[in-house]
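[1] can't give you the sequence, but here's the structure:
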């Protein structure tokens, strides 16, 4: 596991509704969700980044109102045409 260091102004922390001790987990989840939504990482890798098992990661995405699965409409259209 790699360790990253992030410097953030105290004033920025004050505006977040997250205690500083929970910020690392929150940032990990946000990064994992963003990268998963962008298609950069799989659910498995995203859940590892977030420090959650896959089920809990999917539940977290649902709480964040984000899609759990990506559907490429062109791929879907091709699949429908095959049938």
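    Done, it's in. Here the structure is a predicted model, which means the values were calculated and not measured.

[2] from here on, just use CA atoms for contacts and neighbour counts.
    Noted.

[3] for the protein, longest helix please?
    Longest helix in the chain, counting residues (DSSP state H): helix 23-37.

[4] ok, residues contacting it?
    Helix 23-37 is contacted from outside by 18, 41-43, 46-47, 49-51, 61, 66-67, 70, using Cα atoms under 8 Å, 6 or more residues apart in numbering.

[5] off-centre distance for it?
    Remark: helix 23-37 is offset 4 Å from the chain centroid, using Cα atoms, centre = their mean, to the nearest Å.

[6] cool, and stretch 28-44?
    Per Cα atoms, centre = their mean, the centroid offset for stretch 28-44 relative to its chain is 4 Å.

[7] before we move on, what about stretch 70-78?
    Stretch 70-78 sits 22 Å away from the centroid of its parent chain (Cα atoms, centre = their mean).

[8] buried stuff in that stretch?
    When burial is assessed from 16 or more other Cα atoms under 10 Å, stretch 70-78 yields no buried residues.

[9] what lies in contact with that stretch?
    Stretch 70-78 is contacted by residues residue 37 when judged by Cα under 8 Å, 6+ apart.

[10] thinking again about what came up before, check which residues of the longest helix of the chain are buried.
    When burial is assessed from 16+ other Cα under 10 Å, helix 23-37 yields the following buried residues: 24, 28, 29, 30, 32, 33, 34, 35, 36, 37.

[11] can you redo those as a markdown table with distance to residue 7?
    Compiled in a markdown table, those are given as follows (distance: Cα to Cα, whole Å):
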| residue | distance to residue 7 |
| --- | --- |
| 24 | 12 |
| 28 | 15 |
| 29 | 18 |
| 30 | 17 |
| 32 | 19 |
| 33 | 21 |
| 34 | 20 |
| 35 | 21 |
| 36 | 24 |
| 37 | 25 |
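
[12] what is the nearest of these to residue 2?
    Checking the buried residues of helix 23-37 against residue 2 by Cα to Cα gives residue 28 as the nearest, at 12.3 Å.

[13] all good on my end, thank you.
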